[in-house]
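*Asks:* Got a sequence here, can you model it:
(chains A and B)
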Amino acid sequence: MEIYFTKEHEWISVKQNVGTVGITEYAVEKLGDITYVDLPEIGTEVKQGETLCEVESVKAASEVYAPVSGKVLEVNARLENSPEIINSSPLADGWIVRMEILNKDELKNLMNREEYEKFISTLS
Amino acid sequence: MIGSGLKRTPLFGEHISSGAKMSPFGGWEMPISYEGIIAEYNQCRKSAAVFDTCHMGQFKITGDISNCGIENAVTQSVGTIPVGKSRYGFILNERGGVIDDEIIFRVSESELIMVVNAATFENDFSVLKSRLKPGRIENISSVFGKIDLQGPLSREILSDILGGEVSLKYFGFSFFDFLGEKTIISRTGYTGELGFEIFVRKEKSVEAWRKILSDKRVKPAGLGARDILRLEMGYSLYGNDLDEDTTPVEAGLEMFVCYDKDFVGREALIKEKKEGLKKKKIAFKTKTRRSPRRHYKILRGGNSIGEVTSGSFSPALSCGIGLGFVSPEFEDEKEIVISDGRVGMEAEIMDLPFYRDGSLKN
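*Replies:* Below you'll find the predicted structure:
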């Protein structure tokens, strides 16, 4: 399974044409305790870079952008009542949506793990 | 990252070495959180947390209390505060608006200490100076390094530290021998839990901070947790829920106003009550985990009826909570909508406090 990252700190892990999307440890560290996730409706179609959903922390509300264009197949319903799972496990149990990837070429616009780690090391 | 000009408390180095996230607050560079806001919140609700409140201002007022001008300067009755007790009140402008909220401690028949907010203390001082007889008020903010110990276990912990039972009543205070010095400790706070404010001398504040934290039941908590703790109690935050354009009557805090004496702003309050209020404070909870935030609009039937002044997620209620002001005709409504301009969240007006299980009066 391959994993890609965005400059806005989302990740997407890809298995065939299905991507699982969440936010990175860096994002979680910046946001602090997550208190609410505005999960999208199943079937929602989004373009790459558009708002996929919103997460709220004790500090602020932030948008999660779609790493690639696609259609929402499944949402992590556990986050409805326990959004703090994102804090404890951002890259695994804290996944947010599964989406059908419409155009795998868009993955080329994203970073691999090594590139992402290099990217965040340049941030304050 | 943080610009110059911000003041630092004597505990700044302690915060940095414990990895706190620092942020500007009221002209000070203060710890927002250490391990995480919710964890620190839970620490205070369930065990005990220690807060750096060295940034707050203190004034000493001395002489004949009944004849120094203090009664005219604030809303609470000062002369009736017994020695060893404190009382909450306001400094008002001529329009009845709140210049600051404050607590007055009666140290002796002829000595008071007033505790005020960090961002406002300089203005407070000049206002009070103009209202008091010459030479009666002294700014002692740089003398104290105030530390708050709050939480259900705080009395037990403080008693262990001091080597004797601390039996202060709510809003009571006394002098204790702490770190070899006579130290005022007061049973007050801003969290809704049993708790104490410790007025150590500035030079002793690091030693006091370390001594308190040497008890493993205590952890430090920052202003992030403090804001949620106070909001769950419905306590007003000056600058958010109180300001110079808001009166104590509008803010629902008239019980801290003594009309049996003359004070600046009294006529304005009486006039306002006679002619009708311009706005009224409400408290509400949302029907979702979404947080209301400051400046969000309060709607009723699609029309804006007011604005949110404080909002947060409430860990105790597992929903959003907030304070705000609405036109008085809507004060008794039950159902409102809170909107950031995009998303509306249904909310319900309710009585304060939001959080009713605290150890405050234990």
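
*Asks:* What's the local residue count around residue A:12?
*Replies:* Number of residues near residue A:12 (other C-beta atoms under 10 Å in any protein chain shown) recorded here: 26. Placement of C-beta: from N, CA and C, glycine included.

*Asks:* Confirm that it sits in a helix.
*Replies:* No: assessed with DSSP: H, G, I helix; E, B strand; the rest coil, residue A:12 is strand; it does not lie in a helix.

*Asks:* OK, contacts around it?
*Replies:* By C-beta atoms under 8 Å, 6 or more residues apart in numbering or on different chains, the residues touching residue A:12 are A:3-6, A:19-21, A:67-68, A:107, A:110.

*Asks:* Check what pLDDT the spatially most central residue of chain A gets.
*Replies:* For chain A, the residue nearest the mean C-alpha position is residue A:22 (2.7 Å; C-alpha atoms, centre = their mean). On the pLDDT scale, residue A:22 is placed at 98.

*Asks:* check contacts around it.
*Replies:* The contact partners of residue A:22, by C-beta under 8 Å, 6+ apart, come to A:10-11, A:86, A:90-91, A:94-96.

*Asks:* on that earlier part again, possible to save the contacts of residue A:12 as TSV with distance to chain B and secondary structure?
*Replies:* Below are the contacts of residue A:12 laid out as TSV (distance: C-beta to the nearest C-beta, whole Å; DSSP: H, G, I helix; E, B strand; the rest coil):
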residue	distance to chain B	secondary structure
A:3	26	strand
A:4	28	strand
A:5	24	strand
A:6	23	coil
A:19	26	strand
A:20	23	strand
A:21	20	strand
A:67	23	coil
A:68	24	coil
A:107	30	helix
A:110	28	coil
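
*Asks:* Throw those into CSV and include distance to residue B:245 and neighbour count, thanks.
*Replies:* Below are the contacts of residue A:12 laid out as CSV (distance: C-beta to C-beta, whole Å; neighbours: other C-beta atoms under 10 Å in any protein chain shown):
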residue, distance to residue B:245, neighbour count
A:3, 53, 16
A:4, 51, 22
A:5, 47, 22
A:6, 44, 24
A:19, 51, 25
A:20, 50, 21
A:21, 46, 24
A:67, 46, 27
A:68, 50, 26
A:107, 54, 17
A:110, 50, 21
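
*Asks:* Below-threshold pLDDT in chain A: ranges please.
*Replies:* Applying pLDDT under 70 to chain A flags residues A:124.

*Asks:* mind redoing it with 80?
*Replies:* Residue ranges of chain A with pLDDT under 80: A:1, A:124.

*Asks:* Okay, buried residues for the top helix by length along it please.
*Replies:* In chain A, taking DSSP state H as the definition, the longest helix is helix A:113-121. When burial is assessed from 16 or more other C-beta atoms under 10 Å in any protein chain shown, helix A:113-121 yields the following buried residues: A:116, A:120.

*Asks:* Show residues contacting it.
*Replies:* A:3, A:5, A:7, A:9, A:24, A:26, A:111.

*Asks:* Extract the C-alpha trace of that helix and format it as PDB.
*Replies:* C-alpha atoms of helix A:113-121 as PDB (Å, rounded to 0.1, in the frame of the first residue of the first chain):
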ATOM      1  CA  ARG A 113       6.800  10.100   2.900                       C
ATOM      2  CA  GLU A 114      10.400  11.100   2.500                       C
ATOM      3  CA  GLU A 115       9.500  14.300   0.600                       C
ATOM      4  CA  TYR A 116       6.800  15.100   3.200                       C
ATOM      5  CA  GLU A 117       9.200  14.700   6.100                       C
ATOM      6  CA  LYS A 118      11.600  17.000   4.300                       C
ATOM      7  CA  PHE A 119       8.800  19.500   3.700                       C
ATOM      8  CA  ILE A 120       7.700  19.700   7.400                       C
ATOM      9  CA  SER A 121      11.300  20.100   8.500                       C
END
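
*Asks:* Give me the distance from that helix to the chain's centre.
*Replies:* Chain-centre distance of helix A:113-121: 16 Å, with C-alpha atoms, centre = their mean, to the nearest Å.

*Asks:* Skipping its backbone neighbours, what lies nearest the residue nearest to the centre of chain A in space?
*Replies:* Distances taken as C-beta to C-beta, 6 or more residues apart in numbering or on different chains place residue A:95 nearest to residue A:22, at 4.5 Å, with adjacent residues excluded.

*Asks:* Run a quick neighbour tally on the one you found.
*Replies:* 23.

*Asks:* now it, what's its secondary structure?
*Replies:* coil.

*Asks:* buried residues in stretch B:297-315?
*Replies:* Buried, per 16+ other C-beta under 10 Å, within stretch B:297-315: B:297-300, B:305-306, B:308-315.

*Asks:* Pick the one among those closest to chain A.
*Replies:* residue B:313 (3.8 Å; C-beta to the nearest C-beta).

*Asks:* Residues touching the host helix or strand of that closest one, excluding its own?
*Replies:* Using DSSP states H and E, residue B:313 falls within strand B:303-314. Strand B:303-314 has contacts (C-beta under 8 Å, 6+ apart) with A:35-36, A:56, A:58, B:227-228, B:231-232, B:237, B:240-241, B:279, B:282, B:285, B:289, B:291-299, B:319-327, B:330, B:336, B:338, B:354-355.
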